[in-house]
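> My questions concern the predicted model and sequence given below.
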Amino acid sequence: MRSRNCSWRASRSTKALRSQIVFFAAISLSAAASAQTGLQPAAADDIAGAVIDCWNAVGEKAVDRRNLEAAGWQFAPGSDSQGKPVSTPLSLYARAGRQAAIMIAEGSSTPMCSVIARVASPDDLGKAAGAIQKKLVALNPQVKATRDGESLVFLALPKLAMADSTGSKDKPAIRIVVGYQNPEKK
């Protein structure tokens, strides 16, 4: 794909990946809601740092959990109200000192990693998006930001991240899904 065509609407496979990201975001909503209730508002740099950790962990075939663990993230197994283990399609990761959570879809054909965090106010959503863009561009100067409806998309194929506001008026939050798109075969 030529760089001048490197937009969110650049190809059918990119549109297909967007659909998969939207699906992943939808299945993660209930897990995100419960994760958000236990989180205090996060600083923009903490959210951006979690996105960078996801970006670095997402690869062609899978999310490399060792990268997340090397960055300080620990697997947090799901449990019910009595503390018994519960099997879910999502793996949750937490990191000491960070008010954000990372979720990975189990068995997904497209590697995706999601960051969920509360913010103190709706104004902080913009601060978080700015911090994410700054850190992603520092990591890869090819990263471009664009809007797709209500979503903010950061794109440097084969990787992309899609940020959306979530939560409620009283407890605003942000969800960023990082995915990997295999290059198109010519």
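The structure has been received and is ready for your questions. Numbering: from 1, shown residues only.
> What is the least confident helix or strand in this protein?
Between all helices and strands in the chain, the lowest mean by mean pLDDT, DSSP states H and E belongs to helix 29-37, at a mean of 46.
> Could you identify the helix or strand that succeeds that one?
From helix 29-37 onward toward the C-terminus, using DSSP states H and E, the following helix or strand is helix 44-57.
> gap between residue 137 and residue 44?
Applying CB to CB, to the nearest Å, the value for residue 137 to residue 44 is 15 Å. (Each C-beta comes from the backbone N, C-alpha and C, glycine too.)
> Okay, helices next: where are they in the chain?
Taking DSSP state H to define them, one finds helices in the chain at 12-27, 29-37, 44-57, 65-70, 123-139.
> circling back: looking at residue 137 and residue 44, which one has more neighbours?
residue 44 (21 against 15; other CB atoms under 10 Å).
> quick one: that one and residue 130 touch, right?
Yes. Applying CB atoms under 8 Å as the test, residue 44 and residue 130 come out as touching, 7.1 Å apart.
> Under the pLDDT cut-off, which ranges of this structure? List them.
Applying pLDDT under 70 to the chain flags residues 1-38, 79-80, 106-107, 183-186.
> repeat that for 90
In the predicted model, the chain carries pLDDT under 90 at residues 1-40, 60-61, 76-92, 96-99, 105-112, 122-123, 148-151, 166-171, 180-186.
> who does residue 174 bridge with?
Here residue 174 sits in beta bridges with residue 117, residue 165, as judged by DSSP bridges.
> What residues does it make contact with?
The contact partners of residue 174, by CB atoms under 8 Å, 6 or more residues apart in numbering, come to 47, 115-117, 119, 125, 128-129, 163-167.
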